[in-house]
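S.K.: any chance you could fold what I've pasted below:
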Amino acid sequence: MANKKRKTPVVHVVEMSVDDLVQVLAIEKESFPAPWSQNMFIQEINSSYSRSLVAKLGGELDKGVAGYIIYLLVAGEAHLHNFAVRSDLRSRGIGWELMKAMFDHSHAEGVTQATLEVRPANKAAIKLYEKFGFVVKGVRPLYYSDTGEDALIMWADVGEQDRGKNHG
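M.R.: I've put the predicted structure just below:
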C-alpha cells in the first residue's frame, strides 16, 4: 500500500491583525507551556520594531489562521520572537512559508542577519531553521523560565539565497 502524502494547502502570508487574535491565541495555547497573553500580541502588532505575520489557508483546506511568526527588526538584524503552526496542520510547509516570508521581508528592509533562541529538544524547529541556514552559535543557560531549560542561540545570513525549493 502506497503512503498517502498529505495535501499541501494554499498558504497566504499576510500581516497579523487584531481580528486574527482569537485563532492566534488558540495556536499559542496549544503550542507553548507558558503562552503569550492577548496584550503581548497587541503590543507586537502595534510596535514599530515588530513584524507580525499570519499564514492563512485557502482552497479546500480553508481553516483560517494556520500559524504565525513575530520577529523584531533591530540594528540590521531580525530576531525571531514567536513562531507556531497549528498542531493539526504541522509538517505541511506552513512553517516553511512563514520563515520564508520573514527572510524575504527582512531582506527587503535591509536586514543582513537573523537570530533566534530555540529549545534543544525542539528537533522539528531546529531542522526547519537549519534549512534556512541557521547554525548554533551559543547557549543561553536557563533561558526558559517555565522549565529552566537552556536555549540554543542560532544565527543565519539573510540574503537572496534560494529558500523556495527545499521544504520537504
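S.K.: switch to C-alpha atoms for all contacts and neighbour counts from now on
M.R.: Will do.
S.K.: next, the buried residues of stretch 122-136.
M.R.: When burial is assessed from 16 or more other C-alpha atoms under 10 Å, stretch 122-136 yields the following buried residues: 125-126, 128-129, 132, 134-136.
S.K.: and the contacts of the lowest-mean-pLDDT helix or strand in the chain?
M.R.: Within the chain, confidence by mean pLDDT, DSSP states H and E is lowest for strand 10-15 among all helices and strands, at a mean of 90. Counting contacts by C-alpha atoms under 8 Å, 6 or more residues apart in numbering, the residues outside strand 10-15 that touch it are 51-59, 61, 94, 97-98, 101.
S.K.: for the protein, which residue occupies the most central location?
M.R.: Closest residue to the average C-alpha location of the chain: Phe83 at 3.3 Å, with C-alpha atoms, centre = their mean.
S.K.: SS state for that residue?
M.R.: Per DSSP: H, G, I helix; E, B strand; the rest coil, the secondary structure class of Phe83 is strand.
S.K.: contacts only, for it.
M.R.: 67-70.
S.K.: now the helices: where do they sit in this structure?
M.R.: Assigned by DSSP state H, the helices in the chain fall at 21-31, 38-46, 94-108, 123-131.
S.K.: related to what we said a few turns ago, from the contacts of strand 10-15, which has minimum pLDDT?
M.R.: Across the contacts of strand 10-15, the member with the lowest pLDDT is Leu61, scoring 52.
S.K.: neighbours of the nearest residue in space to Lys29 that is not next to it in sequence, how many?
M.R.: Setting aside the residues directly before and after it, Lys29 is nearest to Pro35 in space (C-alpha to C-alpha, 6 or more residues apart in numbering), at 5.4 Å. Other residues within reach of Pro35 by the criterion other C-alpha atoms under 10 Å amount to 14.
S.K.: from Gly76, how far out is Pro35?
M.R.: Relative to Gly76, Pro35 is positioned 28 Å away (criterion: C-alpha to C-alpha, to the nearest Å).
S.K.: please apply the same query to Leu128.
M.R.: Between Leu128 and Gly76 the distance, using C-alpha to C-alpha, works out to 23 Å.
S.K.: cool, and Leu53?
M.R.: The gap separating Leu53 from Gly76 is 19 Å, by C-alpha to C-alpha.
S.K.: quick one, which of those two is more surrounded?
M.R.: When neighbours are counted by other C-alpha under 10 Å, Leu53 and Gly76 differ, and Leu53 comes out ahead with 21 against 14.
S.K.: who are the contact partners of the more buried one?
M.R.: The contact partners of Leu53, by C-alpha under 8 Å, 6+ apart, come to 13-16, 68-70, 98.
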